[in-house]
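Participant: The following block contains a protein sequence and its predicted model.
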Amino acid sequence: MTLLRDDIGRNEQPSGDNRIGDMVQISGGTFRMGSGDHYPEEAPVHRVTVDDFSIDRTPVTNRQFKAFIKATGHRTSAEIPPDPKYYPGALPHMLYAGSLVFSPPPRVANLRDWSQWWDFMKGADWRHPYGPKSNINTHDNHPVVHVSFADALAYAQWAGKDLPTEAEWEFAARGGLDGAEFGWGDELTPGGMHMANTWQGEFPAQNLNADGYERTSPVTAFPPNGYGLHDMIGNVWEWTSDWYAPKHAADAPKACCIPENPRGGREETSFDPRQPNIKIPRKVIKGGSHLCAPNYCRRYRPAARHAEAVDTSTSHVGFRCVKRTPATE
């Protein structure tokens, strides 16, 4: 693990002077984005440059999202029945307001069949994260979940912010440690210490809760990274503004051609090739969640990425926001 010249000195804990409200100012630079050691969609490793930006210190919490709902009256995607035109062949009784909730099964026959542990639950939404009988009364400081891309973007715009690009998000998640495996170094649990809310045990049936949390955790429950940012890894996946592409672009052949503030793929190529009749574009989500385990979805790393349909909400996806200087808008 080495630091690029542009990042020397940036792995130190930020001082109080660079905090803007609940945001942290990040000095931009050039870094090696992606990984060639894990999942194919993370490759190839390539150099990218980002400008200065500010980013939320934590994921948006239930308390913050509640203020947004109160001020705007926004209804989330999970509270609105799906539009039949986007789901050809679906029976009318299957199209109801709800969201995907993780429901651990007693046993699993095939880890490739995620339907064994995900339940599209009627009445599940940001206020009722585990179904209509659940609530967030004691979870003000937990990350808001069951938010679609549109919900996250609506909040960001209301707050005078934006959603981060994938490059901005990954640069911030690395905390100045360019090339490190995790957001804190090269060991998952240095000295036996859990640095993020992830899954311990054999996913999805055995959860040992060694980190102290079965599902989401308060957004400052785990140590911050080198930039003072909490929960960049684990707890909940986070939306970015980039359209999903199945791999990164190749590294620029010359230093003069390193991409600056890249914006990711194209909407028309982001559709899921496994569902050719459903034309719902997908965005990149980052950071992994409390459901990421060594035996399944080892995506608790800055380079990790996943595709998420823009209309989808789940019990393990949230978001945080950024502000940019006018030159990079």
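Facilitator: All right, it came through fine.

Participant: Verify the contact between N197 and A221 for me.
Facilitator: Yes. Judged on CB atoms under 8 Å, N197 makes contact with A221 at a distance of 6.9 Å. The C-beta positions use only the backbone N, C-alpha and C, and glycine is treated the same way.

Participant: and the closest residue to A255 other than its chain neighbours, helix, strand or coil?
Facilitator: Excluding its sequence neighbours, the residue lying closest to A255 (CB to CB, 6 or more residues apart in numbering) is R47, at 7.9 Å. Here R47 is recorded as strand under DSSP: H, G, I helix; E, B strand; the rest coil.

Participant: Whichever strand or helix holds E308 - contacts with which helices or strands?
Facilitator: Using DSSP states H and E, E308 maps to strand 305-309. Helices and strands touching strand 305-309, by 3 or more CB pairs under 8 Å, 6 or more residues apart in numbering; DSSP states H and E, are strand 237-243, strand 282-286.

Participant: That strand pairs with which strands, parallel or anti?
Facilitator: Applying DSSP bridges to the sheet, strand 305-309 is found paired with strand 282-286 (antiparallel).

Participant: residues contacting the closest residue to F182 other than its chain neighbours?
Facilitator: For F182, ignoring the flanking residues on the chain, the nearest one in space by CB to CB, 6+ apart is R301 at 5.8 Å. The contact partners of R301, taken as CB atoms under 8 Å, 6 or more residues apart in numbering, are 35, 38, 181-183, 233, 288.

Participant: isn't there a helix covering R301?
Facilitator: No. R301 sits outside any helix when classified using three-state DSSP, being coil.

Participant: roughly how far apart are it and V48?
Facilitator: Going from R301 to V48 by CB to CB, to the nearest Å gives 17 Å.

Participant: Go ahead and name everything in contact with the strand holding E308.
Facilitator: Here strand 305-309 makes contact (CB under 8 Å, 6+ apart) with 41-42, 149, 166, 237, 239, 244, 270, 272, 280-286, 299, 317.

Participant: Quick check on those: which are buried?
Facilitator: 41-42, 149, 166, 237, 239, 244, 270, 281-286, 299, 317 (16 or more other CB atoms under 10 Å).

Participant: what sits against H290?
Facilitator: 197-199, 213-217, 234-236, 316.

Participant: Kindly recompute the last result at 10 Å.
Facilitator: Applying CB atoms under 10 Å, 6 or more residues apart in numbering, we find H290 in contact with 102, 196-199, 207, 209, 211, 213-217, 234-237, 300, 315-316.

Participant: Strands along the stretch 1-150 of the chain, start to end?
Facilitator: 19-20, 23-26, 29-33, 46-50, 53-56, 98-102, 118-122 (DSSP state E, counting those that start in this stretch).

Participant: so what's A304 closest to, chain neighbours aside?
Facilitator: A304 sits nearest to G288 (CB to CB, 6+ apart), 5.9 Å away.

Participant: The one you found - how many residues pack around it?
Facilitator: G288: 29 surrounding residues under other CB atoms under 10 Å.
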